[in-house]
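Asker: no FASTA, just this:
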């Protein structure tokens, strides 16, 4: 069976970095200063993990007990500060980095839930919560309509897919570095395709029509 002690930390840090870049890109687009960029990067990249650790009662959240988790938001903030002038027209970058964070966090959140002794259903739910929690906090803080509630996009469903696949692979003894990469790739591709092709699920009431929500430049996508 896959031993994830050290690998889990690296996967988690990679997810933190991807989400942090998405936060700094959104901060730049909203014309926040560099302090606001750092704070938004920290909120989106660490928020989901903090929620996860509190739910499983893991003691002080790893974001506060391991200084390494503070490095990705700092790195993302300065990368965007120096490079944003050359990429500011490519708003798709925000979605790509967000998708990368989503793909990794649904895996690490699920694995941490399993290691804490949660049942498979609870592990899947916590994996989804870990994946979408930071993005939800980011969008609310930046006064954006959260992608989680965007009727013309899929956000939680790719995370649910990844969490379910992770749980299934772990329970069958098939989870390893290769299958972890495969799950992350599936979730990332699913999320990006959903955004590119405006995939969606039915509205809350049958027969309702979708209102025009403007172009992609108005929101996260």
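Answerer: Now that the structure is in, tell me what you want to look at. Please read all numbers here as calculations on a predicted model, not as lab measurements.
Asker: so what's the gap between the helix or strand hosting residue 47 and the chain middle?
Answerer: Residue 47 belongs to helix 34-55 when assigned by DSSP states H and E. How far helix 34-55 lies from its chain's middle: 11 Å, per Cα atoms, centre = their mean, to the nearest Å.
Asker: packing partners of that helix?
Answerer: On a contact count with 3 or more Cβ pairs under 8 Å, 6 or more residues apart in numbering; DSSP states H and E, helix 34-55 meets helix 5-29, helix 62-65, helix 71-87, helix 92-115, helix 120-141. The way it works is simple: take the backbone N, C-alpha and C, and place the C-beta from them, glycine included.
Asker: show me what the last one is packed up against.
Answerer: Translated: helix 120-141. Contacts defined by 3+ Cβ pairs under 8 Å, 6+ apart place helix 120-141 against helix 5-29, helix 34-55, helix 92-115, helix 156-171.
Asker: and if you look at the second one?
Answerer: Secondary-structure packing of helix 62-65 (3+ Cβ pairs under 8 Å, 6+ apart): helix 34-55.
Asker: ok, so what distance separates residue 151 from residue 22?
Answerer: Per Cβ to Cβ, to the nearest Å, residue 151 is found 21 Å from residue 22.
Asker: residue 20: what's it in contact with?
Answerer: 41, 42, 44, 45, 72, 73, 75, 76, 77 (Cβ atoms under 8 Å, 6 or more residues apart in numbering).
Asker: what about the second one, how many residues close to it?
Answerer: It stands for residue 42. Per other Cβ atoms under 10 Å, the neighbour tally for residue 42 reads 25.
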